[in-house]
Every structure is written in C-alpha cells, then in structure tokens.
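*Asks:* Here is my input, please return the structure:
(2 chains, ligands or ions: 3)
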Amino acid sequence: MAYNFKEVMNRPDRLASGHRMCAGCGAPIAVRAVLKAIKPEDHAVICSATCCLEVSTCMYPYTSWKDSFIHSAFENAGATICGVEAAHRSLAAQGKAPQNYKFLAFGGDGGTYDIGFQSLSGAMERNQDMVYVCYDNGAYMNTGIQRSSATPKYADTTTSATGKASAGKQQNRKDLTEIIAAHHVPYAAQTTFIGNLKDLYEKAEKAIYTPGAAFLNVMAPCPRGWRYETEDIMEICKMAVETCYWPLYEVENDVWKINYEPKNKRPIEDFLKTQGRFKHLFKKGNEELIAEIQRDVDARWELLLKKAK
Amino acid sequence: MAINERLSGNEAVSFAIKQINPDVVAAYPITPSTEIPQFISQYIANGEMTTVYVPVESEHSSMSACIGSEAAGARSMTATSSCGLAYMFEMLYIAASNRLPITMAVVNRALSGPININNDHSDSMGARDAGWLQIYAENAQEAYDNFIQCVRIGEHKDVKLPVMACQDGFITSHAVERLELIETDKVKAFVGEYKPEKYLLNPDEILAVGPYDTPQYYMEHKKAQTEAMKNARKAIKEIAKEFEAMTGRKYDMLEEYRMDDAEYAVIIIGSSAGAGKEAVDELRNAGVKAGLIKVRVFRPFPDEELVAALKKVKGVAIMDKTDSFSAAGGPLGAEVKAAIYGKVDGITAANYIYGLGGRDVRVEHIKQVFEEIAELVKTGKAPETYKYLAIRE
Ligand SMILES: Cc1ncc(C[n+]2csc(CCOP(=O)(O)OP(=O)(O)O)c2C)c(N)n1
Ligand code: SF4
Ligand SMILES: [Mg+2]
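*Replies:* Ligands and ions are numbered 1, 2, ... in the order given. Model (predicted):
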C-alpha cells in the first residue's frame, strides 16, 4: 500500500504522549513511527530492554504503552519477546488467543549491539515471528552517555573521554545491521528520520508483516549525548544519510537494496559539525582524524554498494 | 492402575513433563540435566507432546523466554544444572518478583570452579534468596511426584511464584530405579488447566509487566512477595494431601524418619537421606536413639516444623552439601540454628559440610557424625562452628 502520511499520522498513537523522555529525543519518534505500521485492528505485545525508553515509559503504576508490554532486563529483550511469541504460538493453536498478534522488542544500542547481542542473535537464528527494533543513539544514555560498540570512532563520551591524551573513542563502530543480515533473516533494514518518515514507516511495515524474524536499526539521535539543539534533529538525520554515514538500506531474503543514494555525497564534516560530541575534531591539528573518519565512511559505503549490486 | 516402570530421575521428570504437556518449554543443555530437554524434543518429534519448544542459545535466554511466555499466559517450564542456573541468576529474581509460576527442574551439580560435573547443592543453594520455592527429592520417585506437585503449588492463587524441583545430579538423575507413575489423565486432572488471572495475550485487558518501581512502591511489592512465600506453606500441605489421596504417597515440608523418641538427629537434604536412614537403622539396632529429618522444602523454610521435630532432641547434626563461605558454616546450618534459637532448649547443634563435587557419602560417614554429636552431648563440649566431613587433611 502506498504511504499516505496523513492517513498514517491520523492513526491513534500506540505510545501515549505522557512519557518522560527528554524533549528532542529520537527514541519516542522511532517507537511511535514503528507502531503506526501495526494495523489498528491487530493486537501487539511490546517488549523493551532496560534503557531510557523503558524507564521513561513504564513507571509503576503508569504505562505509556497502549498495548500489553513487558520489560524484564537489559540484555534479554530478544529472548523475552521470543518467549511471548512462543506462548502465542502455543495458545493460538489451542484456540486460547486470537491469531492477529504482533511481537515487537525495542532496545537501545547498548542493549542490542553489546550486552543483548547474544540474546538477539539467538532470536534471529531461531527466526521466530517477531521484530527487533534497535533505536541507536550511539551510547549508553540512560546511565550517563558511556560509549558502546555503536559509538562512532572519536566521539566524546563519559567512558571514551577527550583530553590531551585522547581524542574520544579509539575504536570502530560495529555494523550491526550487516551482522543481523548475516543471520539470513527474512528482513533486516537500517533507517532514520527523513522527511515525512516514509522510509521508516515502510520498513516497519515490512518488518512487522514479514513472517519470521526481522530487524530494524533506527538511528535515533539523543540531544544530551550528542549535544545539539533539540530542533536540529531532522537536519542531523538528513546529514547522516547525505554523508553516507548512516545509509538507508534493507536486506530482504538476502537481497541487498540501498533505498537512497545521494547524488552528491556530502563531506562527513557536515554530519560531525552538527554535534558537540565531535567538537574536538574541529580543533587545529585534528584534520587527520576527520580525514580518517571520511576514509572509513567511504570504504563502508563502497562495500555496501557492492553488496547491493 | 498406576504404571510400574524402571526409570532414572531425568526420565521420570521428563515423563511428568510429557504428561503435563506444558504450553512452552525453553531449555539449554548442561550436564546432568541435558537429558530432560532431549527427551522433550524427542517426545515432540514423536507427536507425543504439543508443547512449543524454544531451543534457546543460553540459560540466560531460557529463563528470559520462560519469563516472556509465562507472563504471556503460557504454562512454561525449563531444566538446568550448576553453571546454567548461575547464568540465570539475574532472571531468577525477575521471574519471582513478576510472580510468574515457572516450574524448573534443577538437577543439582557443583558450581565451577574448579569445574566439576558431579552432585552437590551449591547451584540451587546459591539461588536460595531469589524468591523461588525449592523442593528437593531423595530419589526418582520423589523427583517425579514433586515435579507434578510443584506445578500446582507455584500456580496456586495465593502463591504465584516460580518453583525449583530439585534432584541430585547423577545419583538420582541417572540411576535407574523402580517407580510408580500416575496415569496421564490423572496427572492432567491433578495439575488442571493453567488459567492465569492477568496475562499479556489477553485481548480484552492490556497488561504491563516489569515496570520501573520507585521507592514509594518497591517495598510493598517485596512484602507481597514474602507473603506469597508464606502462603506457599499452606498450599504445599494442601496439595500434598490431594496427592496422597490420589497415590497413597505422603509428602510434607519435612520427612521425619524414626524421630518419635530420637535423642540424636541429622538434618539432611536430597539423596544422601538414603544413606542417612540406613545409618539410623543400624544405630537403632545397636540401641542408639537416632533419627533423621529430611528437608523436602527449603523455600519456604520449614522453621516451625523443624522446631517441633527437634523439641526432644539432645544433639543434632545439620548437613550442608554446599559451603556458603561465610566462614561460619553452610546455609542449612545457619538457617536451622536461627530457626531453633530460643525455641529448643539445651540442644547441641553441629554443622557439617559434606559431599561437595560428588564426594561419596556412605553410611559409615553418617554413623561417624552421630557418634560425634553423641560425644559432644555426653561431654557437654561446644561443637566446632562447622566441619568438613570425610576430608583428607
Ligand atoms: C546487567 C545490567 N548491566 C547494566 C545495567 C545498567 N544499565 C541500564 S540501562 C543502561 C544503558 C542503556 O543504553 P542503551 O541500551 O544504549 O539505551 P539508551 O539508554 O542509550 O537509550 C545500562 C548500562 C543494567 N540495567 N543491567
Ligand atoms: S538521555 Fe537521550 S536517549 Fe535518553 S531520553 Fe534523553 S534524549 Fe532520549
Ligand atoms: Mg543508547
């Protein structure tokens, strides 16, 4: 079905607005948009890993979730939602639950790339009928902006500090979407907030309505950790895509497809300069660090182009 | 007609699971409990069970999946041992605090390190404060009978807590015994259908499980959890009565063996009660008033029952198949002493650590323990705080 922005936005929200996430946070934008892709008549059970999203949306005795919701721990959203899905398979077969249920897990990058990696990998390998959505803000924000394996090289975080002897995180960023694609799941995709969220919506819809395990990696900026003015979020996302730092692509039944190829690839500075976490890179003498980031972005982009050929 | 069979403890528990046919099983292999998921997988492949089996990538995920499925409204089970149980540690507390009556077969094995695959109780004793019920079996018959009762106990409306059905690795899990199985229709009728009050897959009422809890409420939630554990005592007894009516086999918090007029007693858990009972018989034949208390239920702790059983006893040896490394003894020792403090006059209580990592416990060892406590009572000497039994010095 063609994307009708107005129709989609008019659907009732499945995440209520009374949550405690910071203004300008990407996480609730990602969650709302993904949940819009569930047909209004379908039921859902949502799971969240421990993270900013969880602690701000489900504080006893309140919940912002309009569907049934489960949080159990930080590192096990994959396994927890698989348990729910297994229960559904069993109960639906016995006629004890309706068939039209969807199962979604949300986790931050820390709960997904790092500590929840094993649980996620197991869920993907078992190809259970669920969607795992990572909202990637590139650090452990809930505990105060510590680096994760999703943190980009040279970003300043509280555990990859910058100072006379260090220019931020010294290691590369893990490519989780590619790793999940290597599980040969029916659907894996990467997206962020662009324009009227068409790309995000369409990918969410595919992920939710493709039988089997699906994975969505949504770059979801965090104004506190990235240090930007809340209103800049859409520009930052645009620059992430225009520089090819965060390409929009999907892997459907092992077929790689790039959803957007910039006509004129922007220099990586256009992304870096929007955020305080890269500020130190623009000091005199650090030109080579930016050049190195550029080479890395270029190399990853070339590889992706080859895969999508 | 009951079915007479020769089965190992693992086979017996797997057979019980087959008879119950739970909605979901999620499990991961580890010696000596591995056979349980293997049998279940085979039963499912044979079309003898319709359970949905989740072949997880770790025990952390087996417990996480059980949490998800039980919360979703499915009767869920798993099995593990040793390091597998340790790996679930965080999730055990979450299962209990979410009041999810998961039934877990624990086949007790020593914890690493050093790595050792043989029996002791360090695994489940390490999880004793996780909020799970713990019910221990002496032999395969009890492993089978307990498992069936555990499902009912955990799901009881006043309890709603997860339960560990424990048996000793290899000694019970792998040794083949004659036992009496219950007909499947009777087992099914006994456990009944699982009908949770609140569950995720109820389309008529949404539910949020596992919210962030603030200091305003956390303590009330913990109080509710402890009340549920207290309620479990009554449920255990009621369900044991029903079970006895069905099978003629009697169960309670404790089993008292020749305790009526006993002056000396050992308190023990699990398979070693077998050797203990033999030691008691031999001593009785020699005119010594020996008796044995087998702790069947360790959580909730049978404090009142122990006080009652020890009222007339002069000397007691509390046998721990694990060390808590408090440098003051094992967990059973500490808890029994706390339970009887001020309630049993003039008793001499000694604590022994025995059978670690599969170390043999023979009748002579238990007889030696009886001799030592009799000597302490006679001389009026205070026992050592705790002592390792049958150790090379
Ligand atoms: C086993 C365990 N280790 C550590 C924590 C502490 N912890 C809670 S949330 C969190 C960081 C979450 O980071 P991420 O998944 O990226 O989500 P974000 O908060 O950034 O949205 C950490 C370290 C925990 N809850 N459990
Ligand atoms: S700290 Fe960042 S990720 Fe967390 S709620 Fe605030 S903006 Fe969102
Ligand atoms: Mg994060």
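*Asks:* near ligand 1, which residues of the stretch 101-250 of chain A show up?
*Replies:* A:107-111, A:137, A:139-143, A:148 (Cβ under 6 Å from any ligand atom). The C-beta positions use only the backbone N, C-alpha and C, and glycine is treated the same way.
*Asks:* Could you rerun that using 8 Å?
*Replies:* A:107-116, A:135-143, A:146, A:148, A:150, A:222, A:225 (Cβ under 8 Å from any ligand atom).
*Asks:* With the stretch 51-200 of chain B instead?
*Replies:* Checking the stretch 51-200 of chain B against ligand 1 by Cβ under 8 Å from any ligand atom, the hits are B:Glu90.
*Asks:* any chance you could map the strands in the stretch 51-200 of chain B?
*Replies:* B:52-54, B:76-80, B:103-108, B:133-136, B:163-168, B:177-181 (DSSP state E, counting those that start in this stretch).
*Asks:* is any part of the first one close to chain A?
*Replies:* Yep, that's strand B:52-54 we're talking about. Yes - residues of strand B:52-54 contacting chain A under Cβ under 8 Å from any Cβ of the partner chain: B:52, B:54.
*Asks:* Now do that strand: distance to the chain's middle.
*Replies:* Offset of strand B:52-54 from its chain centre (Cα atoms, centre = their mean, to the nearest Å): 25 Å.
*Asks:* just checking, what packs against that strand?
*Replies:* Contact analysis of strand B:52-54 by 3 or more Cβ pairs under 8 Å, 6 or more residues apart in numbering or on different chains; DSSP states H and E lists helix A:77-93, strand B:24-26, helix B:35-45, helix B:59-72 as its packing neighbours.
*Asks:* ok so, going back, just the buried ones from the residues of the stretch 101-250 of chain A next to ligand 1?
*Replies:* Among those, those that count as buried by neighbour count (16 or more other Cβ atoms under 10 Å in any protein chain shown) are A:107-116, A:135-142, A:146, A:148, A:150, A:222, A:225.
*Asks:* circling back to that earlier point, among the residues of the stretch 101-250 of chain A next to ligand 1, which ones lie close to ligand 2?
*Replies:* Answer for these near ligand 2 (Cβ under 8 Å from any ligand atom): A:108, A:137, A:141-142, A:222, A:225.
*Asks:* From those, which land in strands?
*Replies:* Within those, residues falling in strands by DSSP state E are A:Gly108.
*Asks:* Of the ones next to ligand 2 among the residues of the stretch 101-250 of chain A next to ligand 1, which is the nearest to ligand 1?
*Replies:* A:Gly108 (2.0 Å; Cβ to the nearest ligand atom).
*Asks:* per-residue confidence for B:Gln216?
*Replies:* pLDDT, B:Gln216: 97.
*Asks:* who touches the closest residue to ligand 1 within the stretch 51-200 of chain B in this structure?
*Replies:* Scanning the stretch 51-200 of chain B for the residue nearest ligand 1 gives B:Glu90, at 6.3 Å (criterion: Cβ to the nearest ligand atom). The contact partners of B:Glu90, by Cβ atoms under 8 Å, 6 or more residues apart in numbering or on different chains, come to A:73, B:60.
*Asks:* Tell me how far it lies from A:Thr63.
*Replies:* Counting by Cβ to Cβ, to the nearest Å, the gap from B:Glu90 to A:Thr63 is 23 Å.
*Asks:* among the strands of the stretch 51-200 of chain B, which is nearest ligand 2?
*Replies:* Using Cβ to the nearest ligand atom, the nearest of these to ligand 2 is strand B:52-54, at 31.2 Å.
*Asks:* Pairing partners for the closest one, with directions?
*Replies:* strand B:24-26 (parallel) (DSSP bridges).
*Asks:* contacts for the strand it pairs with?
*Replies:* A:83, A:86-87, A:90, B:17, B:37, B:40, B:51-56, B:61-63, B:65-66, B:69-70, B:74-78.
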